[in-house]
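Asks: coords below, sequence missing:
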């Protein structure tokens with residue numbers, strides 16, 4: 001009677017206090033304490049999802065039923081949090097989620113529907129308590145709980161029991177059903193943490209290494225690695241030395257969330273256990289549906305969505321590492337074919353074409369195809385050697401980058417200029433007479449002289465042109481580093497052959513399409529010469545500290561203007577001109593005008609031959625309004641006001657630590673003068689206002705690895721970068737957001753969107 005008086009007083013005072021608050025400050029009772037119940041095997045699972053700022057009294061929870069032939073056992077109430085209540089003294093309360101299991105027994109002829117009457121009472125932290133609540137849950141029992149509990153054992157467990165009986169473990173020693181031997185439960189500890197509990201019957205244990213957790217419907221929630229207490233070490237007949245848990249075990253499951261709202265999730269627990277008598281149960285699973293409470297306003301959200309956990313490089317490397325060797329070869333061939341159509345691979349086509357054109361009347365289909373095959377295999381073999389070296393030493397980065405140094409690029413460019421002048425007929429490239437006579441005798445017996453030259457050209461092309469192969473090439477090198485020298489060499493060899501497939505088509509058609517003699521042959525050689533000069537200029541453009549961007553633009557302008565003039569752009573057309581003659585003159589005029597635009601752009605600050613007026617002072621509108629100014633530092637195009645240069649690993653760590661202290665994220669850009677895509681980022685991505693806006697909260701770092709010296713190699717190895725371009729993002733705690741790493745080219749709008757997603761916007 002005394003308790004009822006206290007309860008009445010508490011309710012009356014609570015209702016009186018409620019008048020001091022607005023209606024919208026208190027949730028309706030059904031929203032503050034949403035309740036659900038379901039039948040699970042031989043018990044009822046009752047669940048309350050308690051809203052933030054509210055709690056339930058443990059002592060006020062009761063279950064009864066008037067359904068015919070149904071008996072309820074003692075509810076298994078979890079331990080609550082002890083609270084000093086102003087009305088009831090020290091009591092236990094529940095927050096967030098309450099799960100109660102109620103044993104259930106059915107008699108023969110019992111009702112098919114259970115009317116479960118549930119009593120409860122709760123309060124709000126503001127000091128207002130709700131009146132006691134009574135809820136009725138109608139639960140269908142048909143085919144859910146057979147009267148004979150033994151009949152609900154699955155066939156696998158029945159077989160285990162039969163085995164136990166045959167071994168003499170009858171009567172009281174029968175194996176328990178799995179749900180009785182191992183009773184799982186899942187509770188919400190807080191908005192970012194779940195706790196999985198198992199009650200383990202005496203004489204039974206669970207394997208630690210057999211626990212698995214998966215989100216079937218995460219709704220933006222990511223499950224992080226679970227933590228377990230130390231188990232008991234034992235020698236298992238099946239698995240050897242293992243850790244096992246007896247009596248009970250709890251696993252902590254941390255969560256990452258992308259939303260602060262209440263979030264429903266579906267989580268599956270998988271586990272396996274045995275009885276000490278030597279009988280093991282098959283793997284078991286249990287699925288739970290929960291509603292995570294809302295996050296606090298100051299809680300940090302995850303910015304990596306479950307669908308985007310790997311960047312392009314990691315995704316390709318993972319695809320290689322998971323398959324058999326045959327699947328690796330097939331995948332590498334396919335990705336090599338994709339790589340063949342990237343812009344930095346295009347110079348290989350004119351190089352090979354000029355070789356075929358140089359054969360003159362000897363350029364039959366068979367010979368052209370053979371030369372192409374030698375060129376492609378030289379490229380592939382060079383890649384294979386690189387793959388073997390990387391697979392052997394893991395740190396052999398910068399092999400191709402070494403060939404971007406002036407000591408290699410300048411002689412190679414001079415060679416192309418000499419070949420071009422030879423195509424124009426200024427002189428004939430040939431060996432001294434004595435050596436030529438000797439080699440001629442050898443050549444009569446074998447045709448290796450020409451083939452060796454083509455092989456060398458293919459190998460050099462792989463080293464000089466290959467480094468701008470983007471994420472696919474970098475991922476292949478990453479796979480080689482982890483797969484060992486043999487598999488690494490095979491994968492890189494397949495990648496090189498995939499890159500060379502279009503070149504084989506060029507060779508197969510070269511003998512048919514190219515003229516064999518006459519004036520047209522001279523025209524074709526002249527075109528090949530122009531292409532070789534263009535390739536030479538593109539190599540020189542990789543050394544802006546020696547050949548300034550303006551000088552490179554002037555070289556392009558001279559090449560284009562002279563080519564247009566030679567095509568007759570300034571010559572009058574005869575009255576009886578053919579259609580081809582008019583087309584030739586028109587093409588020359590277009591090239592002449594474009595060359596003039598390149599000349600004007602180069603003299604006024606533009607740096608890109610493919611967009612000759614971008615950045616030109618002639619067009620004020622092309623300057624990055626509202627962005628950073630781009631200035632030439634050491635002959636290269638730089639975002640001087642935005643990026644802080646770093647050189648060493650210590651520089652990186654210090655810069656990230658300083659940014660973390662200031663509460664700022666970090667973006668690290670790897671740049672090199674010889675990196676085509678790096679220059680495109682400098683000119684067309686970083687200065688764009690939308691990109692600048694997206695990067696406004698970031699500390700911007702840039703590592704210039706043009707020299708590929710010891711510090712550059714150490715820095716790239718420290719963060720797992722093989723070659724530039726590579727752009728890395730670090731969060732406010734200094735941890736890299738690996739899923740947002742950018743390798744290869746990306747346009748400004750896509751990059752701005754990428755940065756916004758990395759920062760959680």
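Replies: The structure has been received and is ready for your questions. Worth saying up front: this structure is predicted, and the values here are computed from it rather than measured.
Asks: counting neighbours, what do you get for residue 56?
Replies: 24 (other CB atoms under 10 Å). Yep, even glycine has a C-beta here, placed from its N, CA and C like the rest.
Asks: one more: residue 278?
Replies: 11.
Asks: go on, residue 740?
Replies: 21.
Asks: wait, it touches residue 756, no?
Replies: No - taking contacts as CB atoms under 8 Å, residue 740 lies outside contact range of residue 756: 10.6 Å.
Asks: show me where the stretch 251-400 of the chain has strands.
Replies: Applying DSSP state E, counting those that start in this stretch to the stretch 251-400 of the chain gives strands spanning 263-271, 273-275, 284-292.
Asks: so which of these gets nearest residue 213?
Replies: strand 263-271 (6.1 Å; CB to CB).
Asks: other SSEs contacting that closest one?
Replies: strand 182-190, strand 193-200, strand 212-217, strand 221-223, strand 284-292 (3 or more CB pairs under 8 Å, 6 or more residues apart in numbering; DSSP states H and E).
Asks: what angle do it and strand 212-217 make?
Replies: Using axes from the mean of the first three to the mean of the last three CA atoms, to 10 degrees, the direction of strand 263-271 lies 150 degrees away from that of strand 212-217.
Asks: now do strand 263-271: distance to the chain's middle.
Replies: The chain centroid and the centroid of strand 263-271 are separated by 24 Å under CA atoms, centre = their mean, to the nearest Å.
Asks: wait, what's in contact with residue 229?
Replies: 249, 250 (CB atoms under 8 Å, 6 or more residues apart in numbering).
Asks: for the stretch 501-650 of the chain, what spans make up the strands?
Replies: Counting by DSSP E, counting those that start in this stretch, the strands of the stretch 501-650 of the chain are 631-633, 636-638, 643-646.
Asks: rewinding a little: any idea which of the strands of the stretch 251-400 of the chain is most buried?
Replies: Neighbour counts (mean count of other CB atoms under 10 Å) averaged over each of those peak at strand 273-275, with a mean of 20.
Asks: just checking, what packs against it?
Replies: Packing partners of strand 273-275 (3+ CB pairs under 8 Å, 6+ apart): strand 204-207.
Asks: tell me the strands beside the strand it packs on, with direction?
Replies: strand 240-246 (antiparallel), strand 273-275 (antiparallel) (DSSP bridges).
Asks: residues of the longest one that come out buried?
Replies: The neighbour-count criterion (16 or more other CB atoms under 10 Å) identifies 242, 243, 244, 245, 246 as the buried residues of strand 240-246.
Asks: what does it contact?
Replies: Residues contacting strand 240-246 (CB under 8 Å, 6+ apart): 198, 200, 204-209, 230-236.
Asks: just the buried ones from these?
Replies: For the contacts of strand 240-246, a neighbour count by 16+ other CB under 10 Å gives the buried set as 198, 200, 204, 205, 206, 207, 208, 231.
Asks: need these in TSV (columns: distance to residue 214 and pLDDT).
Replies: Shown next, in TSV, are those (distance: CB to CB, whole Å; pLDDT from 0 to 100):
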residue	distance to residue 214	pLDDT
198	17	90
200	22	90
204	24	91
205	23	91
206	17	92
207	17	90
208	17	87
231	22	87
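Asks: next up, the contacts around the residue nearest to residue 553 when sequence neighbours are not counted.
Replies: Counting by CB to CB, 6 or more residues apart in numbering, the nearest residue to residue 553 once its immediate chain neighbours are dropped is residue 602, at 2.7 Å. Counting by CB under 8 Å, 6+ apart, residue 602 makes contact with 549, 550, 552, 553, 554, 556, 557, 612.
Asks: 6 Å instead?
Replies: 550, 553, 554 (CB atoms under 6 Å, 6 or more residues apart in numbering).
Asks: may I see the residues you listed arranged in CSV, with distance to residue 459 as well?
Replies: As requested, the contacts of residue 602 are exported to CSV (distance: CB to CB, whole Å):
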residue, distance to residue 459
550, 33
553, 31
554, 32
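Asks: for the closest residue to residue 81 other than its chain neighbours, name its beta-bridge partners.
Replies: In space, and not counting its chain neighbours, residue 81 is closest to residue 93: 5.5 Å by CB to CB, 6+ apart. Note on residue 93: beta-bridge partners by DSSP bridges are residue 57, residue 81.
Asks: ok, residue 93 to residue 59 distance?
Replies: Distance of residue 93 to residue 59, given as CB to CB, to the nearest Å: 9 Å.
Asks: which one's more surrounded, these two?
Replies: residue 93 (21 against 14).
Asks: could you chop the protein up by domain?
Replies: The record's domain parsing of the chain by automatic domain parsing lists 2-149, 156-162+174-292, 313-519, 549-623, 635-758.
Asks: what's the mean pLDDT across the longest one?
Replies: Taken as a whole, domain 313-519 has an average pLDDT of 66.
Asks: equivalent analysis for the shortest one, please.
Replies: In this model, domain 549-623 has a mean pLDDT of 84.
Asks: give me the nearest residue to residue 204, chain neighbours excluded.
Replies: residue 181 (4.7 Å).
Asks: wait, the one you found touches residue 202, no?
Replies: No - with contacts counted by CB atoms under 6 Å, residue 181 stays clear of residue 202, the gap being 9.7 Å.
Asks: okay, the two: which has more neighbours?
Replies: Neighbours were counted for residue 181 and for residue 202 using other CB under 10 Å; residue 181 has more, 23 against 9.
Asks: can I assume residue 281 is in contact with residue 178?
Replies: Yes - here residue 281 reaches residue 178: they are 5.4 Å apart, a contact under CB under 6 Å.
Asks: related to what we said a few turns ago, out of the strands paired with strand 204-207, nearest to residue 496?
Replies: If we rank the strands paired with strand 204-207 by CB to CB, the stretch that ends up nearest is strand 240-246, at 44.3 Å.
Asks: now that closest one, how far from the centre of its chain.
Replies: Distance, stretch centre to chain centre, for strand 240-246: 35 Å (CA atoms, centre = their mean).
Asks: and stretch 485-492, by the same measure?
Replies: With CA atoms, centre = their mean, you get 24 Å for stretch 485-492.
Asks: just the strands from the stretch 1-150 of the chain, written as ranges.
Replies: Using DSSP E, counting those that start in this stretch, strands in the stretch 1-150 of the chain cover 35-40, 43-49, 54-57, 62-65, 70-72, 81-85, 89-94, 97-106, 113-120, 122-124, 133-140.
Asks: give me whichever of those strands is most buried.
Replies: Highest mean neighbour count of the strands of the stretch 1-150 of the chain: strand 54-57, a mean of 23 (counted as mean count of other CB under 10 Å).
Asks: show me what that strand is packed against.
Replies: Packing partners of strand 54-57 (3 or more CB pairs under 6 Å, 6 or more residues apart in numbering; DSSP states H and E): strand 122-124.
Asks: circling back to that earlier point, quick one: closest of the strands paired with strand 204-207 to residue 294.
Replies: Among these, strand 240-246 sits nearest to residue 294 (CB to CB), with 33.2 Å.
Asks: when you compare where that closest one runs with where strand 193-200 runs, what's the angle?
Replies: Going by the same axes, to 10 degrees, strand 240-246 makes 90 degrees with strand 193-200.
Asks: now strand 240-246 and strand 182-190, what's the angle there?
Replies: Going by the same axes, to 10 degrees, strand 240-246 makes 70 degrees with strand 182-190.
Asks: burial measure for residue 262, as a count.
Replies: For residue 262, the count of nearby residues is 14 (other CB under 10 Å).
Asks: list the residues that contact the nearest residue to it once chain neighbours are set aside.
Replies: Spatial nearest neighbour of residue 262, excluding adjacent residues (CB to CB, 6+ apart): residue 294 at 5.1 Å. Neighbour list for residue 294: 52, 260, 261, 262 [criterion: CB under 6 Å, 6+ apart].
Asks: phi, psi of residue 294?
Replies: phi -70, psi 150 (degrees, to the nearest 10).
Asks: distance of it relative to residue 31?
Replies: Taking CB to CB, one finds residue 294 at 13 Å from residue 31.
Asks: and what of residue 647?
Replies: Relative to residue 31, and taking CB to CB, residue 647 is found at 58 Å.
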